[in-house]
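S.K.: sequence plus the predicted model coming up.
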Amino acid sequence: MLKIIKSIRNSLLILILIFCTNSFAENKLTTSSKKINAKGLTKAGTGEKVYSYDYNLKIEGEYSEKFVLGHGDCGSDGSFNDCKMDRGRVERQMEYVRDRHQWYKFSFYLDEEWDKDTTVSFAQVKVKNVRPPVWMLRVDYGVLKLTMDILGAWDSTCNYLLSFEEMKGKWNEVIIFANYSKKPSSWLKDRYLGLWINGKQKQIDNCDKWNLFGKEKSAFSRKGSTFKYGLYHSYVSNELNGKALKAGVDMKLKGWRDEGAGAAGAASSLTNKPWEVDWPVKLQTKRMWFDNMENIKSEENIWNLEVK
């Protein structure tokens, strides 16, 4: 009898564990399902880690995730080396999934001392082995923008979403619904993409009417997509050279072309190895926090958001 009771108890524990694990994995971006491209202290010399938990600045729960990107911070994911491709990055990446209807929900906190004279991305979805992102959120010279470079043009900016004054020094909630199928969503008024910031739907200038993958549908079908978040700074040498010129210094660099840059072709910058150059001016350290991260697979308007 005792063996039977123990067997039933163990079976119940296993069922509870399976249920809890599956529920959490479907709805939350857990740290166990993420990988990060850089670790350790920032090279900016502030003593901060490039990635850490912040137990003070948070919305709820135990902590938020803090990202710090300083001058010289770069990493590699094994196939792409930021340090040799004119980039700075501290970014977390989720596993690749093939779900064709996905919700992304998170809150970000922008440092009040953020350098407005720069462009840094902080959230994006990529298809494996395809360079341009499906969609990307970035702070572009102090303005929050959504871009969709995969559709075939550099700087495919869909709209200006928030000003620096509207988003700095506070938590901002982002909700994105992405339909990666061939047919648009009827509840979204025949759109493929929906975006809500701080509870309000944002109009995104017909980017929501385009099939999100364009010619990369087959790549998604084979390999799926991944969600990334953190701090990502492309072609830093262009920005550093501009700061050098303002300081009265001409670096006389030969230039470099990133031939595999994206759907629109090559991109140009001053050098592919900016961190080996002795710049007279350094990049300002950037900080951003993330909390309440969720990724849910559903075709429906699960939060009953207003749709216009």
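M.R.: Right, received. Where do you want to start?
S.K.: CA atoms for contacts and neighbours, from now on please.
M.R.: Fine.
S.K.: can you report how many residues neighbour the nearest residue to residue 62 once chain neighbours are set aside?
M.R.: The shortest distance from residue 62 to any residue that is not its chain neighbour, by C-alpha to C-alpha, 6 or more residues apart in numbering, is 6.1 Å, and that residue is residue 55. Taking other C-alpha atoms under 10 Å as the neighbour definition, residue 55 ends up with a count of 13.
S.K.: same question for residue 118.
M.R.: Residues contacting residue 118 under the criterion other C-alpha under 10 Å number 16.
S.K.: tell me the domain ranges of the chain?
M.R.: Per automatic domain parsing, the structural domains of the chain span 1-35, 37-297.
S.K.: for residue 304, which of these is the nearest?
M.R.: Across those, the minimum distance to residue 304, taken as C-alpha to C-alpha, is reached by domain 37-297, at 10.4 Å.
S.K.: contacts only, for the closest residue in space to residue 49 that isn't next to it in sequence.
M.R.: The spatially closest residue to residue 49, leaving aside those adjacent along the chain, is residue 41, at 4.1 Å (C-alpha to C-alpha, 6+ apart). Residues in contact with residue 41, defined by C-alpha atoms under 8 Å, 6 or more residues apart in numbering, are 47-50.
S.K.: can you check which strand is longest in the protein?
M.R.: strand 286-297 (DSSP state E).
S.K.: what's the helix or strand for the residue nearest to the spatial centre of the chain?
M.R.: The residue at the geometric middle of the chain, judged as the C-alpha nearest the mean C-alpha position with C-alpha atoms, centre = their mean, is residue 123 (1.8 Å). In this structure, residue 123 is located in strand 119-127 according to DSSP states H and E.
S.K.: now find how far off-centre that strand is within its chain.
M.R.: A distance of 4 Å separates the centroid of the chain from that of strand 119-127, by C-alpha atoms, centre = their mean, to the nearest Å.
S.K.: show residues contacting it.
M.R.: Here strand 119-127 makes contact (C-alpha under 8 Å, 6+ apart) with 132-142, 219-220, 223-234.
S.K.: and if you look at stretch 180-199?
M.R.: Residues from elsewhere that reach stretch 180-199, judged by C-alpha under 8 Å, 6+ apart: 99-101, 172-179, 201-204, 207-213, 299-301, 307-308.
S.K.: try stretch 55-67
M.R.: When contacts are taken as C-alpha under 8 Å, 6+ apart, the neighbours of stretch 55-67 outside the stretch itself are 49-54, 90-91, 171, 230-231, 287-292.
S.K.: repeat that with 10 Å
M.R.: Outside of stretch 55-67, the residues that reach it under the criterion C-alpha atoms under 10 Å, 6 or more residues apart in numbering are 42, 48-54, 89-92, 107-109, 122, 171, 229-231, 286-293.
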